[in-house]
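generate a structure from the sequence data that follows.
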Amino acid sequence: MEETKLEQHLSQDALRACLELSILVALATFSGSFAAALTHEVIGHGLVGELLGHNFYAFYVSPVGESEAYIDLGQASDFEQGLVNAGGIASDILLGLLVFWLSDKQRRFAPKLLTFFWSADSLIGGSSYLAISSFTSFISGSPTGDPYWISYFLHIPLPVLAFSGLAICAAAYYFLFRKLAMLLADRIQFSNREEAFAFISSIWIFGSLLVQTISVIVENELGSKLLMAFFRSASILIMGYFASSNIRADPSRAIAPIGRRQFYAVSLVAIVSAATWLGVFGPTSREAHGIVLEEFPTYVNLRITLLENLTAIVQLAFRPGPFENAWPNLKGTNPRWEHYVEEAGRIASGMFGVEDFHILGYFTDNESFWYSGSWHADGARTVFLTIPKIRTEEMESGELALVLLDPWKPFGFIDSLNVTLNGLRLLNVTPRASIINSGAMESALWLNNSTDTSPAEYSLLLSRG
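Presented below is the predicted three-dimensional model:
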């Protein structure tokens, strides 16, 4: 009878320890996810881009949603673009292995737990991203993340990337499960291998699901988040089953209580992570203010005035980004105009196919600006240039065919394009545009909202007189 009461008491202690550890694991998972996302964007993409000589100008980090690094790759070779896209996943795996090794060097429980889940999120996040994104890109044939561009630029088949990511992910779960069992061995009592498997998998899955729940609430993407939660839970159960076969239980070991300092330490790191995420970056990438390292042209409105002699006067209005609320904070500052002048030249060369253009001037104006589906007040950075004679194709009937290419495709798009004719007549446009008549002048206006829906080229059929 006394042995039964003792067993019940030990069982209650184990359940209490399991619940306490689940809360700590959720907090450590949240902090580890934030650290892994930060290193993925800043070291994996940003630093690699800088080392290759390209401008890393902004980034956004979220522990529960999509994070982004913004790098100017306009003049990058295919190989360099492939390396920048691969840098994030490569840094996840390499840094994850380093932090996994460093967690062994920690003597106290809280640092061990925090570094473990940082390494876990890096290793599992990077490898599962490689596997799942490669698979979905292969099935759909369209970009769903970095792996698509790794395959595109480095000529690595998507199935190879998918199976590589799956193999790394399976191995990571196996060794991480064993490591977590060792980490929790003095906190809960395993009377046998089955109990060890049940306790550890329950603690890990519970902590992971709490973070996934926050992700669903913030990002409002129930389908994809549920799929990821199922994938992670199934992976923990499958690989944990095999990993737990090596666990040797010691029923005589006493259960060590969770100290207040450990709770406070892990909670404090989670609070700092949450405050940094919400205060510095914003809740989602759609509502972000992020960190802008350097002002850089991100949105552009083009106004082209085409004269009868085929001279073009081009006004390029830029707003820096990539975050929508960056402009009010930057408007009163003195920008590096060389960035805007250089980008204006790239657009002129790419759109018109000419190198003969002249910069007339640049300044900050107060006109309305189109982006993200609406007009915004407060102006932009504006560059004026002229092209002495644009290229057109003269038809047998004497009509002129003009094709304007979007030089920001396929990774970006021109937010708005206005072509105004002075001394020329507009006969037809493709794709469909808003036609505006103002006295002797006629204009075609295109307003774009996304890379997917905006055209790659604009065709105009003109006549003189």
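
following the strand or helix carrying Gln212, which helix or strand shows up next?
With the criterion set as DSSP states H and E, the secondary-structure element containing Gln212 is helix 193-219. With elements assigned by DSSP H and E, the helix or strand that comes after helix 193-219 is helix 222-243.

what about the stretch 351-465 of the chain, any weak spots by pLDDT?
Across the stretch 351-465 of the chain, the stretches falling below the confidence threshold (pLDDT under 70) are 465.

strands of that one, start to end?
Taking DSSP state E, counting those that start in this stretch, the strands of the stretch 351-465 of the chain run over residues 358-364, 369-371, 374-376, 381-387, 393-394, 400-405, 416-422, 424-430, 434-438, 441-447, 457-464.

return the list of strands paired to the fifth one, each annotated with direction.
Using DSSP bridges, the strands paired with strand 393-394 are strand 400-405 (antiparallel).

now the strand it pairs with: buried residues?
Of the residues in strand 400-405, 400, 402, 404-405 count as buried by neighbour count, 16 or more other C-beta atoms under 10 Å. Any C-beta I mention is one placed from the backbone N, CA and C, and that applies to glycine too.

relative orientation of it and strand 457-464 in degrees?
160 degrees (axes from the mean of the first three to the mean of the last three C-alpha atoms, to 10 degrees).

which SSE is Ala37 in?
helix 2-39.

whoops, Phe138 was the one
helix 109-140.

and the angle for that helix with helix 193-219?
Using the same axes, to 10 degrees: helix 109-140 against helix 193-219 is 70 degrees.

can I get the helix or strand just after helix 109-140 as CSV, trimmed to CA atoms?
Along the chain past helix 109-140, the next helix or strand (assigned with DSSP H and E) turns out to be helix 146-154. Backbone C-alpha positions of helix 146-154 (Å, rounded to 0.1, in the frame of the first residue of the first chain) are rendered in CSV as follows:
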residue,chain,number,x,y,z
ASP,A,146,14.6,30.3,-51.4
PRO,A,147,15.0,26.7,-52.6
TYR,A,148,13.3,27.5,-56.0
TRP,A,149,15.9,30.2,-56.7
ILE,A,150,18.7,28.0,-55.4
SER,A,151,17.6,25.5,-58.0
TYR,A,152,17.1,28.1,-60.7
PHE,A,153,20.4,29.9,-60.3
LEU,A,154,22.7,27.0,-59.2
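
remind me which residues of the chain are low pLDDT?
Counting by pLDDT under 70, the chain contains low-confidence residues at 1-15, 17, 186, 189-191, 221-223, 246-258, 465.

can you give me the domain boundaries for it?
Under automatic domain parsing, the residue ranges defining each domain of the chain are 2-287, 295-464.

most neighbours per residue, which of these?
Neighbour counts averaged per stretch over the domains of the chain are highest for domain 2-287, at a mean of 18; criterion: mean count of other C-beta atoms under 10 Å.

for the nearest residue to Leu154 once chain neighbours are set aside, grab phi and psi.
Leaving out its chain neighbours, the residue that sits closest to Leu154 by C-beta to C-beta, 6 or more residues apart in numbering is Gly82, at 3.8 Å. Gly82 adopts backbone torsions of phi -60, psi -40, taken as degrees, to the nearest 10.

separation between Gly82 and Tyr148?
Remark: distance between Gly82 and Tyr148 (C-beta to C-beta, to the nearest Å) = 11 Å.

of the buried residues of strand 400-405, closest to Ala196?
Closest to Ala196 out of those is Leu405 (61.9 Å), distances taken as C-beta to C-beta.

with adjacent residues omitted, what lies nearest to Leu180?
Once flanking residues are discounted, Leu180 sits nearest to Ile200: 5.7 Å by C-beta to C-beta, 6+ apart.

one more: Met228?
In space, not counting the residues next to it along the chain, Met228 is nearest to Gln212; the distance is 6.9 Å by C-beta to C-beta, 6+ apart.

that neighbour contacts Phe230, correct?
No. When contacts are counted by C-beta atoms under 8 Å, Gln212 is not listed as touching Phe230 (9.8 Å).

show me what Leu460 is bridged to.
Beta-bridge partners of Leu460, as defined by DSSP bridges: Leu402, Val429.

sorry, that was for Trp370
Under DSSP bridges, the beta-bridge partners of Trp370 are Trp375.

what sits against it?
301, 376, 415-416, 447 (C-beta atoms under 8 Å, 6 or more residues apart in numbering).

gap between it and Asn55?
Between Trp370 and Asn55 the computed distance is 25 Å (C-beta to C-beta).

go on, Asn329?
Asn329 sits 19 Å away from Asn55 when distances are taken as C-beta to C-beta.

do Asp121 as well
If you measure Asp121 against Asn55 using C-beta to C-beta, the figure is 28 Å.

which residue packs closest to the residue most central in space within the chain, ignoring adjacent ones?
For the chain, the residue sitting closest to the mean C-alpha position, by C-alpha atoms, centre = their mean, is Glu68 at 2.9 Å. What sits nearest to Glu68 in space, not counting adjacent residues and going by C-beta to C-beta, 6+ apart, is Tyr60, at 4.8 Å.
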